[in-house]
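Novice: Here is a sequence together with a model predicted from it:
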Amino acid sequence: MNPEPQSPVSTSQQPVNGKVIEFADLRLSTPMTGQPIVLLEYEDRQGIRSVHQVALTCTGEGRGGLIYFGGYDKGKFSIFRADCIHRVVAL
């Protein structure tokens, strides 16, 4: 039996101030002024906690009203669910 082909992975989109970025049901539309750099302690779906140094660029709202933050983590644009963030330290 052949496994079903996976959908192609989209390349990350770089947000531009005032532009809406869409990730499926997520709309990142509120730019953050100054792009603050923070350390985030984040827990993923598997329950694994990790620390990320992120230059925050925007916030948005996803399905069910969940709040997300977008920013650059090691040069790659990433999104973080607010309810999965355990600690934030401004640098």
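Specialist: That came through fine.

Novice: What segments of this structure are helices?
Specialist: In the chain, no helices are defined using DSSP state H.

Novice: Identify the residue nearest the geometric centre of it.
Specialist: For the chain, the residue nearest the mean C-alpha position is Ile79 (0.6 Å; Cα atoms, centre = their mean).

Novice: okay, now Ser50: neighbour count?
Specialist: 9 (other Cβ atoms under 10 Å). C-beta: built from backbone N, CA, C; applies to glycine.

Novice: residues touching the nearest residue to it once chain neighbours are set aside, list them.
Specialist: Using Cβ to Cβ, 6 or more residues apart in numbering and skipping the chain neighbours, the partner closest in space to Ser50 is Tyr42 (5.8 Å). For Tyr42, the contact set (Cβ atoms under 8 Å, 6 or more residues apart in numbering) comprises 49-52, 80, 84-86.

Novice: again, 10 Å this time
Specialist: 48-52, 54, 69, 73, 78, 80-81, 84-88 (Cβ atoms under 10 Å, 6 or more residues apart in numbering).

Novice: quick one: the nearest residue in space to Val88 that is not next to it in sequence and Arg45, what's the gap?
Specialist: Sequence neighbours aside, Val38 is the residue nearest to Val88 in space, at 5.3 Å (criterion: Cβ to Cβ, 6+ apart). Noted for Val38: a distance of 22 Å to Arg45, by Cβ to Cβ, to the nearest Å.
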